[in-house]
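1. Mind looking at a prediction? Sequence and model below.
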Amino acid sequence: MAFLSSINIIGSGITAQHLRLDVISENITNINTTRTQDGEGGAYRRKCVVFEAETGRNTFRDALAAAATIVNDDRLRMPSNARYGRTAGVRVAGIIEDDSDFKLKYDPTDPDANEEGYVELPNVDLVKEITDGMAASQAYNADVTAFNILKNVISAGLEIGR
């Protein structure tokens, strides 16, 4: 049933873009945060989501483990460690912190100012975050559109059988 793997691929894209939008909103929320919750560590550091393609192909070892069976009590069973039917799509490899430099603002009256009177501001750029948010939103909408098209195709296929 190839349409089920298509649903999984589309669903992985929707989930990934949803997480990306969450991280972008966290960055925008902390655009003026000059210290962490515990009061140490400096300004908020921008976060980015890293995606990784899932090919859906099993390695030879996975295929061999899936093909192996154990005879026990006159029943055929798959080993518990066998992984089979991996699905292609996108996966979140991680959320990393942007290591670009912080912005500096001269304000010696700020309690977070250093010895020279400069305050470290987060390395979050509002224009970049809005642009990334628009791209993530468009990708999310494209995934939803692909899902609706697949749903219509499946529905039409079921109607043929009647």
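-> Received the coordinates, thanks.
2. Tell me the first helix or strand C-terminal of the helix or strand hosting residue 6.
-> Using DSSP states H and E, residue 6 sits within helix 2-29. Downstream of helix 2-29, the first helix or strand assigned by DSSP H and E is strand 47-54.
3. Note down every partner strand of that next one and its orientation.
-> strand 89-97 (antiparallel) (DSSP bridges).
4. which residues of the chain score low on pLDDT?
-> Within the chain, the ranges that satisfy pLDDT under 70 run 1-3, 39-41, 56-86.
5. for it, longest helix please?
-> helix 126-160 (DSSP state H).
6. Please name every helix or strand in contact with that one.
-> helix 2-29 (3 or more CB pairs under 8 Å, 6 or more residues apart in numbering; DSSP states H and E). Glycine gets a C-beta too; all of them are placed from N, C-alpha and C.
7. Which positions within the helix holding residue 6 qualify as buried?
-> 6-10, 12-17, 20-21, 23-24, 27 (16 or more other CB atoms under 10 Å).
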